[in-house]
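Colleague: Need coordinates for the following:
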Amino acid sequence: MILENLCQEVILIAKQAGSFIARERVNFDLRSIEIKGKANFVTYVDKKAEEIIVEGLRKLLPESGFITEEGTATNSGEKYRWVIDPLDGTTNFIHGLPPYAVSIGLLEGEEIVLGVVYEISRSECFYAWKGSKAMLDGKEIRVSEAATTNQALIITGFPYGVVKNTDKFISAIKYFMENSHGIRRLGSAATDLSYVAAGRSEAFWETGLQSWDVAAGAIILRQAGGRVTDFRGNEKFLFTGEVIATNGNYYKEFQSIIEKIYFS
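Modeller: Purely as a prediction, here's the structure:
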């Protein structure tokens with residue numbers, strides 16, 4: 001299997017799903033929303049987009065398994081598993097607020113070997129595979145060179161549902177408000193990771209995440225020169241529910257701040 005060729009096919013599938021989502025947004029009816037949990041929504045758009053993606057990917061790797069947000073496909077697969085969020089940022093989509101994205105990652109065993117994030121509102125496609133450069137619409141992207149908090153613009157995600165460690169989250173917000181260029185909350189973790197990869201932000205942290213939120217963006221960021229771990233610095237973050245992601249230079253300082261705030 002040639003990952004570069006496979007990635008190009010995945011890009012086409014992501015854009016096909018993205019085009020469907022963009023068309024549906026034009027006349028989207030709020031009455032079609034289903035509630036999965038507090039501030040956790042799903043629409044027919046999520047479900048149909050996932051069907052489009054799964055159908056396309058099955059043709060590329062018939063033996064592969066799937067980890068999908070909406071449960072369209074659940075067969076495990078032994079060697080390869082696709083990790084799919086058909087519409088990362090559903091709440092943004094519902095309200096017509098960018099960003100929202102298609103996120104498709106590929107696991108070989110436990111290793112992420114390919115990722116595509118298509119941010120729909122700006123028609124930007126970020127992608128990478130194991131051994132490649134990170135790309136945005138055919139051009140190489142790299143993380144920023146900033147090395148300290150006072151040089152950094154930070155992205156986070158607000159916890160929702162059954163919220164734990166709220167006081168620690170607020171402490172982190174306070175610290176970065178006082179010491180960085182500022183904090184942004186975009187509403188799509190896949191996009192957040194891609195923006196760090198492209199040098200638009202220096203760091204991102206969030207809890208309560210699922211594998212499909214971060215798999216694709218993680219490899220894009222790593223191939224762009226960044227780092228992704230859990231809060232304690234462990235490389236096996238995909239199923240832990242927490243992630244920190246930075247450029248290469250800022251990782252040590254940022255990780256130590258997050259670990260101190262959340263675990264001291």
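Colleague: what helix or strand does Ala172 sit in?
Modeller: Ala172 is part of helix 166-179 when elements are defined by DSSP states H and E.
Colleague: my bad, should have said Leu6
Modeller: helix 3-26.
Colleague: So which other helices or strands are in contact with that helix?
Modeller: Under the contact definition 3 or more CB pairs under 8 Å, 6 or more residues apart in numbering; DSSP states H and E, helix 3-26 sits against helix 44-60, strand 80-88, strand 101-108, strand 111-119, strand 124-129. In short, each C-beta sits where N, CA and C put it, glycine included.
Colleague: who's in contact with the shortest one?
Modeller: Contacts of strand 124-129 with the rest of the structure, by CB atoms under 8 Å, 6 or more residues apart in numbering, involve 3-4, 6-7, 10-11, 14-15, 113-119, 134-137, 141, 194, 197-198, 217, 219-220, 222-224.
Colleague: ok, back up a step: please tabulate the helices and strands packed on helix 3-26 in JSON lines, including the columns mean pLDDT and mean neighbour count.
Modeller: Converted to JSON lines, these look like this (pLDDT from 0 to 100; neighbours: other CB atoms under 10 Å):
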{"stretch": "helix 44-60", "mean pLDDT": "94", "mean neighbour count": "19"}
{"stretch": "strand 80-88", "mean pLDDT": "96", "mean neighbour count": "27"}
{"stretch": "strand 101-108", "mean pLDDT": "98", "mean neighbour count": "28"}
{"stretch": "strand 111-119", "mean pLDDT": "98", "mean neighbour count": "25"}
{"stretch": "strand 124-129", "mean pLDDT": "98", "mean neighbour count": "25"}
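Colleague: Dump those into TSV; add distance to Ile94 as well.
Modeller: Supplementary listing: the helices and strands packed on helix 3-26 in TSV, determined by distance: least, CB to CB, whole Å:
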stretch	distance to Ile94
helix 44-60	9
strand 80-88	10
strand 101-108	14
strand 111-119	17
strand 124-129	21
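Colleague: Hmm, Gln210 is touching Val83, no?
Modeller: No. Using CB atoms under 8 Å, Gln210 is not in contact with Val83; the gap is 9.1 Å.
Colleague: coming back round to it: for ChimeraX, what selects the buried ones among the contacts of strand 124-129?
Modeller: Listed next is the ChimeraX selection for buried residues among these, using 16 or more other CB atoms under 10 Å:
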select :3,6,7,10,11,14,15,113,114,115,116,117,118,119,134,135,136,141,194,197,198,217,219,220,222,223,224
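Colleague: start to end distance for stretch 203-212?
Modeller: 19 Å (CA to CA, to the nearest Å).
Colleague: same deal with stretch 189-204?
Modeller: End-to-end distance (CA to CA), stretch 189-204: 9 Å.
Colleague: chain center to that stretch: distance?
Modeller: 9 Å (CA atoms, centre = their mean, to the nearest Å).
Colleague: Would you mark the buried spots in that stretch?
Modeller: Quick answer for stretch 189-204 (16+ other CB under 10 Å): 189-204.
Colleague: average pLDDT across it?
Modeller: Averaging pLDDT along stretch 189-204 yields 98.
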